[in-house]
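Engineer: Fold the following, please.
(one chain, ligands or ions: 2)
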Amino acid sequence: MNDSITEVINKQINTDADELARQRKCIEIAAQLVEDKSRNTGRDITYHVTTFGCQMNARDSEKLSGILEECGFVYEPDELAADVVIFNTCTVRDNANQKFFGHLGSIGAVKKNKKDMIIGVCGCLSQEESARAKILASYPFVDLVFGTHNVYDFARLLLIVLEQREAGEKGTVTSIREGTDRIVEDIPVKRNYPFKSGVNIMFGCDNFCSYCIVPYVRGRERSRPAADIIDEIKRLAADGVSEVMLLGQNVNSYGKGLDENISFAKLLDMVGEVDGIRRIRFMTSHPKDLSDELIDVMASSQKICNHIHLPLQSGSSRILESMNRHYTKESYIELAQKIRERISDISITTDIIIGYPGETDADVDDTIDVIEKVAFDGAFTFIYSKRTGTPAASMPDQVSAQKVKYNFDRVLARVQEISARQAAKIEGRIMDVLVEDVNRQDPSLVTGRLSNNLNVHFPGDESLIGKIVNVKLTQCKGFYYIGDIATGGDYGKVL
Ligand code: 5AD
Ligand code: SF4
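Structural biologist: Ligands and ions are numbered 1, 2, ... in the order given. Model prediction:
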C-alpha cells in the first residue's frame with residue numbers, strides 16, 4: 001500500500017467533521033481504483049447490497065449503496081453477478097440467522113469461480129460475537145465484516161479490502177465497535193425511492209425486553225440533536241422527498257440525554273413545519289412511553305399519517321411483566337382506546353410473540369382478548385426465538401414446538417379476520433394515495449399507500465410515481481385495496 005493511502009487509513013481522528021473528511025478522501029482513492037479496474041476490464045464494476053430485517057437496516061443499506069456509487073461501482077440487480085456484495089444482516093430471530101448462513105454458503109460456492117468477488121457482512125448479526133466467530137471460522141471467503149456502529153466507516157474499510165486485493169493479500173478485514181462513538185451524517189446516500197426516505201432520529205435501545213437481542217447489538221440509546229434531523233429533512237425535501245419515516249427503536253423516548261429539552265411530539269411538530277414534507281411516519285413506538293402530548297400532536301397534524309405501530313408482544317400481564325415491558329393488559333387496551341377516540345380512523349398495528357417461556361393457553365387467550373378489544377388493523381406475529389445472552393433464553397419452561405404451533409395458528413387466524421374487517425370499514429371512501437410503483441404483476445396498475453399504511457392498486461402509469469392522488473377505494477381485498485382515480489368535484493386531481 002502506498003504511504004499516503006496508509007496515512008489516510010490510519011490517521012488519528014478527533015472530530016466527526018474530520019472523520020467525514022477522511023471518509024470522503026477514502027471514496028476518492030477507491031473511485032480511482034474502481035475506474036482503473038473498469039478501464040482494464042472494459043466493463044462496469046458492479047455492486048449489490050442485500051438487506052435483511054427492519055427499516056433501520058434498510059436505511060443503513062441506502063448509506064452503503066450511496067458510498068458504493070460514489071466510489072464508481074454500478075448497481076447490479078442480480079446479487080450473484082455483482083463484483084461487490086454486501087449483506088446487511090438481522091439477528092432478531094434465529095431463523096433469520098439460519099437462513100442467512102445458508103445463503104452465505106451458496107454465495108461462497110459462486111465465489112469459487114469468481115475469485116475477484118468481494119463479499120462483506122454487516123448489520124446486527126456481525127455485531128454478535130458468536131455469529132462473527134462463525135463467519136470467520138466457517139466462511140473464510142468473506143472479505144469484510146463490520147458492525148452496526150461503524151456504517152459511516154464503510155468507505156475506509158472497503159478501501160482497505162481493495163488495497164489488500166491490489167497487493168494480492170488475503171484475509172478477512174474485521175472492524176467492530178461496541179458503541180456508537182460517532183454520529184457521522186452527510187455521507188452519500190442512495191435512496192430506494194426518490195420521493196420518500198427514512199431518517200434516523202435515534203440509535204440503539206435501552207429497554208432490555210427480556211427476549212430481545214437488539215440492545216446488545218445496537219447499543220445504548222442515543223438521540224440525534226433536533227437541528228441535525230431538521231437540516232437533513234430540509235435537504236431531503238429540497239431533493240424531492242415528500243414522505244419521511246422517522247426511525248428509532250423507541251421513538252417515544254426521543255430526546256432523553258440531549259442538552260436541549262425536547263420530546264418526540266415536539267420534534268414531530270418541527271418536522272411538520274418543513275416545506276415540501278407532506279407525510280410523516282414513524283417507527284417504533286413503545287406503549288410505556290407514549291404520551292398524551294403525542295396523541296394531541298397526531299390528532300391535530302394534517303401531515304402525520306393516520307397510523308401507529310404499537311407493539312403489544314403479549315396480552316397477558318404476567319408475561320408482560322416477565323418480558324420487562326412495563327405495561328399491563330389493561331393499560332395497553334386503555335391506551336389503544338384513547339388513541340382511537342382521539343384520532344378517528346387511525347390504524348393501529350402491532351407485533352405479537354407466541355411461545356415466550358412459561359406462556360400457557362390462558363396467556364394466549366389474553367392476547368386474543370386484546371386483539372379483539374383493540375381490533376388491530378394489522379399484526380406481525382412471531383414465534384418466540386431464543387437469543388443467547390438475553391434473560392429469557394435461560395428461563396425454565398421453554399414452550400414445546402407443538403404448543404407454539406397450536407397457539408400461533410389461533411392467534412394468526414384471529415388477527416387476519418379482524419384486520420380484514422377493519423380494512424373493509426373504509427370501502428367506498430375517497431382517500432389520498434402516495435403512488436410508489438408500477439404494479440409488479442400488472443403494469444397497467446400502479447401501487448400506492450394510504451395514510452393508514454394500506455396498499456392500493458389502481459389503473460395508472462409511471463408518471464404518477466411520487467405523486468399524491470385521490471383514489472376511490474372500490475374493493476377491499478383483506479389487507480389491500482383495488483381502487484380508481486376519483487373523478488368529479490375536487491377529486492381526480494393530482495394533489
Ligand atoms: N423472538 C421472537 N420475536 C422477537 N422480536 C424481538 N425479539 C424476538 C425474539 N427473541 C419481535 C418483537 C419486536 C419485533 C421487531 O421482533 O415482536 O417488536
Ligand atoms: Fe427490543 Fe424491546 Fe428495544 Fe424493541 S423496545 S428493540 S423489543 S428491547
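Engineer: From now on I want contacts and neighbour counts done on CA atoms only, so please keep to that.
Structural biologist: OK.
Engineer: And the residue nearest to the spatial centre of the chain, how far from V173?
Structural biologist: Most central in the chain under Cα atoms, centre = their mean is Q55, positioned 0.8 Å from the mean C-alpha point. Distance from Q55 to V173, counting by Cα to Cα, to the nearest Å: 26 Å.
Engineer: cool, I45 as well?
Structural biologist: When Cα to Cα is applied, the distance between I45 and V173 equals 21 Å.
Engineer: ranges for the helices of the stretch 251-400 of the chain?
Structural biologist: All helices of the stretch 251-400 of the chain, identified by DSSP state H, counting those that start in this stretch, fall at 264-272, 292-300, 317-323, 329-342, 361-374.
Engineer: mind giving me TSV with those and columns for mean neighbour count, distance to ligand 2 and mean pLDDT?
Structural biologist: Putting those into TSV (neighbours: other Cα atoms under 10 Å; distance: least, Cα to the nearest ligand atom, whole Å; pLDDT from 0 to 100) gives the following:
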stretch	mean neighbour count	distance to ligand 2	mean pLDDT
helix 264-272	19	16	97
helix 292-300	16	18	96
helix 317-323	18	9	98
helix 329-342	16	15	97
helix 361-374	18	17	98
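Engineer: looking at those, which is closest to N192?
Structural biologist: When these are compared by Cα to Cα, helix 264-272 sits nearest N192, at 21.2 Å.
Engineer: Next, the angle from the closest one to helix 292-300.
Structural biologist: On the basis of axes from the mean of the first three to the mean of the last three Cα atoms, to 10 degrees, helix 264-272 is oriented at 30 degrees to helix 292-300.
Engineer: Only alpha carbons, please: show helix 264-272 as PDB.
Structural biologist: Presented in PDB, the C-alpha positions along helix 264-272 are these (Å, rounded to 0.1, in the frame of the first residue of the first chain):
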ATOM      1  CA  PHE A 264     -40.800  13.300  20.300                       C
ATOM      2  CA  ALA A 265     -44.100  15.200  20.000                       C
ATOM      3  CA  LYS A 266     -42.200  18.500  19.700                       C
ATOM      4  CA  LEU A 267     -39.900  17.000  17.100                       C
ATOM      5  CA  LEU A 268     -42.900  15.900  15.100                       C
ATOM      6  CA  ASP A 269     -44.200  19.500  15.200                       C
ATOM      7  CA  MET A 270     -40.900  20.800  13.900                       C
ATOM      8  CA  VAL A 271     -40.800  18.200  11.100                       C
ATOM      9  CA  GLY A 272     -44.400  19.200  10.200                       C
END
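Engineer: hmm, who's touching it?
Structural biologist: Judged by Cα atoms under 8 Å, 6 or more residues apart in numbering, the contacts made with helix 264-272 from elsewhere in the structure are 226, 230, 233, 251-255, 277-278, 280, 293-294, 297, 301, 303-304.
Engineer: that older thread, output the helices of the stretch 251-400 of the chain in JSON lines, with distance to N439 appended to each entry.
Structural biologist: Supplementary listing: the helices of the stretch 251-400 of the chain in JSON lines, determined by distance: least, Cα to Cα, whole Å:
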{"stretch": "helix 264-272", "distance to N439": "30"}
{"stretch": "helix 292-300", "distance to N439": "31"}
{"stretch": "helix 317-323", "distance to N439": "41"}
{"stretch": "helix 329-342", "distance to N439": "32"}
{"stretch": "helix 361-374", "distance to N439": "32"}
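Engineer: and ligand 1, which of those helices is closest to it?
Structural biologist: Taking Cα to the nearest ligand atom as the measure, these were each checked against ligand 1, and helix 317-323 came out nearest at 10.4 Å.
Engineer: Can that closest one be said to contact ligand 1?
Structural biologist: No: when contact is scored as Cα under 6 Å from any ligand atom, no part of helix 317-323 falls within range of ligand 1; the minimum is 10.4 Å.
Engineer: what's the answer for stretch 276-296, then?
Structural biologist: No: applying Cα under 6 Å from any ligand atom, one finds stretch 276-296 out of contact with ligand 1, separated by at least 8.3 Å.
Engineer: Residues of the protein that sit close to ligand 2?
Structural biologist: Counting by Cα under 6 Å from any ligand atom, the residues of the chain close to ligand 2 are C205, N207, F208, C209, C212, V214, P215, Q249, N250.
Engineer: Now with 5 Å, please.
Structural biologist: By Cα under 5 Å from any ligand atom, the part of the chain that sits against ligand 2 consists of C205, N207, F208, C209, C212, V214.
Engineer: okay, now the domains of the chain?
Structural biologist: What automatic domain parsing lists as the domains of the chain is 3-175, 193-279, 306-425, 430-485.
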